[in-house]
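Novice: only geometry, no sequence info:
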Ligand SMILES: O=C(O)C(=O)C[C@H](O)[C@H](O)CO
C-alpha cells in the first residue's frame, strides 16, 4: 500500500562550490538528493524520506551516508559497490549562470539499477517516487529499462510518480537518445517538472504552454514548467496558472534552484496545498537557495 513515504532515486556526488582564489567548500549534492533534502526540510514529520542510489566502501561514501542520516534522509536501501566511489563536480559561475564540470564516469551510482529486487524493495510502500533525466542519463540502457519497470510496478501499487527531465546534454551519448529516453520516462509519470529553456532546443517548444502540451499528450496529469526568472506555468488538465518569482532576488549560485523549487512544490502539494499555493512556496524557497553557495542550504534558512 502507498504510504507517506517519499523515495528519490539518483546520484549524490561530492560537490565543490565557491572557487574564489581556488578555495572550495566540499559538500554533497545531486539533483534528486537536493529535492529529497528540501522535501525532508519542508514535509511534516509524518513523512519518511529515503534516498536510493549506490555508493562505494570508501571514506567519502561513508561520510555521505552519515550526512544523509544526520539530516533525516533514509539510507537503508543504498547499495554498496566495492571498488567504486562517488562522482564529483565543481561549480563555476560564468555569464550570470552556474556551470558544472563532472568527474562521474565511473561513479558507484552508475550501477544503482543492476538488481531489480533491490529496486522493488526500495520502492515498496512509496507514496511518491521521484527521479530525473540525470538518473536516466547515468545508467546503461538495460538498467534504464529495469528502473522504469520497477517504477511502473510501484505506480501500479499506488505511488505517484514525479519526473524532472533536468536536461544535461553532456551526460548523454546523443540528443536523439536523450530525447527518446526523457520522453519514455515522462510516459510513466504522473507529474513532470521540466525547465522550458532546457527543453526548447531539444523538443522545439516555442512557449511554456507548448512544453506542457507535449507532456499532456504523453498522459501526464500535472506539468510544472519552470523558466528561471520568468513565470513558471503550473498546468493540470483543469487549469493553467502562471506565476513569476518575486523580483530582486540576489543570485550568488543558482545551483539547486530547480530542485528546491520541486521539493517545495511537492511538499506543499502533499500537505494539501493548491497548485497556486504550492508554486508560491516553491518560488520563495528557490529564491533563498540561489542566495547561498552550493545546492543544499541549511534548513533553518528556509523558515518563513
Ligand atoms: O548535474 C548534476 O548531476 C547535479 O546533480 C549537480 C547539481 O546539484 C544539479 O545539477 C542541480 O540541478
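Specialist: Okay, I see it. What you see is a predicted model; the values in this text were computed from it and never measured.
Novice: the ligand contacts on the stretch 1-150 of the chain?
Specialist: Proximity of the stretch 1-150 of the chain to the ligand, by Cβ under 6 Å from any ligand atom, involves residues 29-31, 34, 89, 100, 134. Bear in mind the C-beta positions are built from the backbone N, C-alpha and C, glycine included.
Novice: go again using 5 Å as the cut-off
Specialist: Contacts of the stretch 1-150 of the chain with the ligand, taken as Cβ under 5 Å from any ligand atom, map to 29-31, 100, 134.
Novice: count the residues that sit near the closest residue to residue 25 other than its chain neighbours.
Specialist: The shortest distance from residue 25 to any non-neighbouring residue, by Cβ to Cβ, 6 or more residues apart in numbering, is to residue 18 (4.8 Å). When neighbours are counted by other Cβ atoms under 10 Å, residue 18 registers 19.
Novice: residue 18 is in contact with residue 24, isn't it?
Specialist: Yes: counting by Cβ atoms under 8 Å, residue 18 does reach residue 24; the two are 5.1 Å apart.
Novice: now the helices for the stretch 51-200 of the chain?
Specialist: All helices of the stretch 51-200 of the chain, identified by DSSP state H, counting those that start in this stretch, fall at 59-70, 116-123, 133-137, 141-156, 175-187, 196-203.
Novice: turn these into CSV, columns for mean neighbour count and mean pLDDT.
Specialist: Shown next, in CSV, are those (neighbours: other Cβ atoms under 10 Å; pLDDT from 0 to 100):
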stretch, mean neighbour count, mean pLDDT
helix 59-70, 16, 98
helix 116-123, 17, 98
helix 133-137, 24, 98
helix 141-156, 17, 98
helix 175-187, 17, 98
helix 196-203, 18, 96
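Novice: for the one residue in the stretch 51-200 of the chain that gets nearest to the ligand, give me its contacts.
Specialist: Proximity of the stretch 51-200 of the chain to the ligand (Cβ to the nearest ligand atom) peaks at residue 134, 4.4 Å away. Going by Cβ atoms under 8 Å, 6 or more residues apart in numbering, residue 134 touches 10-11, 30-32, 166, 168, 171.
Novice: about what we covered before: select only the buried ones of the residues of the stretch 1-150 of the chain next to the ligand in ChimeraX?
Specialist: In ChimeraX, this line selects whichever of these come out buried by 16 or more other Cβ atoms under 10 Å:
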select :29,30,31,134
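Novice: wait, which of the residues of the stretch 1-150 of the chain next to the ligand is closest to residue 214?
Specialist: Of all these, residue 134 has the smallest distance to residue 214: 19.8 Å, by Cβ to Cβ.
Novice: what residue in the stretch 151-300 of the chain comes nearest to the ligand?
Specialist: residue 295 (4.1 Å).
Novice: any idea how many residues pack against that residue?
Specialist: 29.
Novice: pretty sure it sits in a helix.
Specialist: No: the assignment for residue 295, made by DSSP: H, G, I helix; E, B strand; the rest coil, is coil rather than a helix.
Novice: against residue 44, how distant is it?
Specialist: 23 Å (Cβ to Cβ, to the nearest Å).
Novice: out of the contacts of residue 134, give me the two with the largest separation.
Specialist: 32 and 171 (13.5 Å).
Novice: compare the two (neighbour count), which wins?
Specialist: Counted by other Cβ under 10 Å, residue 32 and residue 171 do not tie: residue 32 has more neighbours, with 26 against 17.
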